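Colleague: Return atomic coordinates for the entry below.
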Amino acid sequence: MSRDDARTVYSTQAGRVCPDCRMPQANCQCRRKKGAAVPEGDGVVRVRREVKGRRGKPVTTVSGVPLDADGLRELASELKRRCGSGGSAKDGVIEIQGDHRDELIPLLEAHGYTVKRAGG
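Modeller: Numbers count the residues shown, from 1 in each chain. Purely as a prediction, here's the structure:
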């Protein structure tokens, strides 16, 4: 195997190295061109109500949506408008303030997702 064929995956100076552009992963240009990766899952969107760590206030969370970060923000914006409440989209999870499970499940099914009510 020649030196050109060898792929460095880790360097003590730079840390992890991208196998495509051979730049440190923090400076990788390939990943930015490809866009943000879509999270992998089982294909089921889960809607649950959470109160833990929120001072007893209910929050409806939607997880497992197979969209990139931009698509997730757009979907969160639409769901918040339909529910008439605030919320956010971060780390692949949409959070809607309040208990809106009954309104969100038909909306997500209309978008073509397989939706499951999770939790209690």
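Colleague: which sections of this structure are below the confidence cut-off?
Modeller: Along the chain, the model assigns pLDDT under 70 to residues 1-14, 19, 31-41, 120.
Colleague: ok, which stretches of it are strands?
Modeller: Remark: strands assigned in the chain by DSSP state E are 10-11, 15-16, 44-50, 59-63, 87-90, 93-97, 114-117.
Colleague: partners of the longest one, with directions?
Modeller: In the sheet, strand 44-50 lines up against strand 59-63 (antiparallel), strand 114-117 (parallel) (DSSP bridges).
Colleague: Kindly calculate the angle that it makes with strand 93-97.
Modeller: Between strand 44-50 and strand 93-97, the angle comes out at 40 degrees (axes from the mean of the first three to the mean of the last three Cα atoms, to 10 degrees).
Colleague: need the strands of the chain in CSV with mean neighbour count, can you?
Modeller: For every residue, glycine as well, the C-beta is placed using N, CA and C. Compiled in CSV, these are given as follows (neighbours: other Cβ atoms under 10 Å):
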stretch, mean neighbour count
strand 10-11, 10
strand 15-16, 12
strand 44-50, 18
strand 59-63, 21
strand 87-90, 17
strand 93-97, 20
strand 114-117, 15
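Colleague: what would those look like in JSON lines with distance to residue 70?
Modeller: Shown next, in JSON lines, are those (distance: least, Cβ to Cβ, whole Å):
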{"stretch": "strand 10-11", "distance to residue 70": "31"}
{"stretch": "strand 15-16", "distance to residue 70": "25"}
{"stretch": "strand 44-50", "distance to residue 70": "18"}
{"stretch": "strand 59-63", "distance to residue 70": "16"}
{"stretch": "strand 87-90", "distance to residue 70": "10"}
{"stretch": "strand 93-97", "distance to residue 70": "13"}
{"stretch": "strand 114-117", "distance to residue 70": "21"}
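Colleague: what's the closest of the strands paired with strand 44-50 to residue 103?
Modeller: Residue 103 lies closest to strand 59-63 among those, at 8.9 Å (Cβ to Cβ).
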